[in-house]
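In: Give the three-dimensional model of this entry:
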Amino acid sequence: MSDQKRPKQSQSEQPGDESAMQPTPEIIRDSYRPADKLRDKVAIITGGDSGIGRAVAVHYAAEGADVVLVHLEEDDDAAKTQREVEQRGRRCRLMKGDVGDPGFCRQVVDDTLATFGRVNILVNNAAEQYDWADITEIPEEQLLRTFQTNIFSHFHLSKAVVPHMGEGDTIIATSSVNAFKGNDTLIDYSATKGAIQGLVRSLAQSLVDRGIRVNAVAPGPVWTPLIPASFNAEKTAHFGGQVPMDRAAQPSEIAPAYVYLACEESSYMTGQTLHLNGGVILNT
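Out: Take a look at the predicted model:
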């Protein structure tokens, strides 16, 4: 669908409500063919209630993984994702809380181990963003909040989960095209995504001798609830028009990259980033 034809819409609060979006995002394609790539693995996915997180959870379940979905406020979205996972024959645990809180991050890992006995995949995906045209307008509390959610949570969860991981396990971060090209109205958000790149490269080197791989996915514009919850109706209507493909991606187009990075087919990849950005050419 052309982004210029998307209905104007906005939402008042983050992380946003997927059921209120027009049209609702596509989570998994009918043509997707699972191949047991993640049979009996256990994955923690932050921001798993909707958008990219929901799509990753559903693809992981289709590939045979049990899932722990970490979410903030959107209970209905989280429950829908849980149903999608369970309809594919896998177990799903919901955990509601703030990933910016290190105590909650430790609780997520502890509860996952108590429920499933192991953790094989950590997907650090939760994020928030705010549209400001001038750095002098960014409130200090928002700056701290953006960093707590978007990058501090990666440290907290990785620190908690790494002692329980081993050979073949993986950590995957959601970065952004904005980490590489910048964004004049998403200044603090883009800064956190740049920090994610440094963490992924450094943590990959730190864990390589233990056989734990660390990689990232850097999407371009993706049609998720964060978009109408971040931008005004006019900007949302044209979201995606800034890339060569002239449209936003669907979550269904992004999630298979997370499957690849979590399975043994990517066993020779660590410290790397996959760029799914609609044709933007980057000097990485």
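In: Grab the nearest non-local neighbour of Asn183.
Out: In space, and not counting its chain neighbours, Asn183 is closest to Ser190: 4.8 Å by CB to CB, 6 or more residues apart in numbering. Every residue, glycine included, has its C-beta placed from N, CA and C.
In: so what's the one you found up against?
Out: Shown in contact with Ser190 (CB atoms under 8 Å, 6 or more residues apart in numbering): 176, 178-179, 182-183.
In: If any of these are buried, put those into a ChimeraX selection.
Out: Buried members of the contacts of Ser190, defined by 16 or more other CB atoms under 10 Å, are picked up in ChimeraX with:
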select :176,178,179,183
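In: how far does stretch 165-184 sit from the chain's center?
Out: Chain-centre distance of stretch 165-184: 9 Å, with CA atoms, centre = their mean, to the nearest Å.
In: swap that for stretch 159-175, sorry
Out: Centre-to-centre, stretch 159-175 and its host chain are 15 Å apart (CA atoms, centre = their mean).
In: Also stretch 37-53?
Out: In terms of CA atoms, centre = their mean, the centre of stretch 37-53 is set 9 Å apart from its chain centre.
In: Quick one: mean pLDDT over it.
Out: Mean pLDDT, computed over stretch 37-53, is 96.
In: And that stretch, end to end?
Out: Using CA to CA, to the nearest Å, the end-to-end distance of stretch 37-53 comes to 18 Å.
In: Same check on stretch 162-181?
Out: So stretch 162-181: terminal residues 31 Å apart, CA to CA.
In: and the residue nearest to Val259 when sequence neighbours are not counted, what is it in contact with?
Out: Once flanking residues are discounted, Val259 sits nearest to His59: 5.3 Å by CB to CB, 6+ apart. The contact partners of His59, taken as CB under 8 Å, 6+ apart, are 28, 32, 255-256, 258-259.
In: which stretch of helix or strand covers His59?
Out: helix 51-62 (DSSP states H and E).
In: chain center to the helix or strand that that helix is followed by: distance?
Out: Later in the chain than helix 51-62, the nearest helix or strand by DSSP H and E is strand 66-71. With CA atoms, centre = their mean as the basis, strand 66-71 stands 12 Å off its chain's centre.
In: Which residues does strand 66-71 contact?
Out: Here strand 66-71 makes contact (CB under 8 Å, 6+ apart) with 15, 40-49, 53, 57, 60-61, 77-78, 81-82, 85, 90-97, 99, 108, 111-112, 115-116, 126.
In: Next: stretch 75-87.
Out: For stretch 75-87, contacts defined as CB under 8 Å, 6+ apart pick out 17-19, 27, 48-50, 53-54, 57-58, 60-61, 67, 69, 71, 91-92, 94, 96, 225.
In: For it, buried residues please.
Out: Under the neighbour-count criterion of 16+ other CB under 10 Å, stretch 75-87 has 77-78, 80-82, 84-85 buried.
In: Understood, closing this out.
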